[in-house]
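Novice: no sequence on this one, just coordinates:
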């Protein structure tokens, strides 16, 4: 399970790095959820902080159960957000890794992969 933890941690580090390369672009992409202005800025900061914290937890000696819970909650949030955007069918964009791309089943699958890996860590919390 250490490989899963580190792989997921690396994915989250890359996601954080992408958002930090273009924080304004990421903040603006949250407009698809109605998060604009000061609320959008706060939400963007919160997402980056939670991603970074979860990545740090995955690389830490924290128990597997704790890492699994954090990754599962994060993945569930990402998957819910992507599900909402795909179902809405509007011209929303995802800037999850610093590159703006249209929301699609592909972006949904990436979010669902984070959820699946978190669940795997819960199932086998070694």
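Specialist: Sure thing, it's come through. It should be emphasised that the depicted structure is a prediction, and the values quoted were computed from it without experimental measurement. Numbering: from 1, shown residues only.

Novice: What about residue 70, how many residues nearby?
Specialist: Close neighbours of residue 70, defined as other C-beta atoms under 10 Å, add up to 20. For glycine as for every other residue, the C-beta is placed from the backbone atoms N, C-alpha and C.

Novice: can you tell me how far residue 74 sits from residue 49?
Specialist: When C-beta to C-beta, to the nearest Å is the yardstick, residue 74 and residue 49 sit 11 Å from each other.

Novice: Comparing the two, which residue is more hemmed in?
Specialist: The residue with more neighbours, out of residue 74 and residue 49 and counting by other C-beta under 10 Å, is residue 74; that gives 23 against 11.

Novice: what does the helix or strand harbouring that one rub up against?
Specialist: Secondary-structure assignment from DSSP states H and E places residue 74 in helix 64-88. Applying C-beta atoms under 8 Å, 6 or more residues apart in numbering, the external contacts of helix 64-88 come out as 1, 5, 8, 12, 32-33, 50-51, 53-54, 57-58, 60, 92, 94, 96, 103-105, 107-108, 110-126.

Novice: how about low-confidence regions in the protein?
Specialist: Residues of the chain that meet the criterion pLDDT under 70 lie in 125-126.

Novice: Dead centre of it: give me the residue that sits there.
Specialist: Nearest to the centroid of the C-alpha atoms of the chain, with distances taken as C-alpha atoms, centre = their mean, sits residue 78, at 5.2 Å.

Novice: if we can go back for a sec, I'd like to know which of the contacts of helix 64-88 are buried.
Specialist: Of all these considered here, the ones buried according to neighbour count by 16 or more other C-beta atoms under 10 Å are 5, 8, 12, 32, 50-51, 54, 57-58, 92, 94, 96, 103, 107-108, 110-112, 114-118, 120-121.
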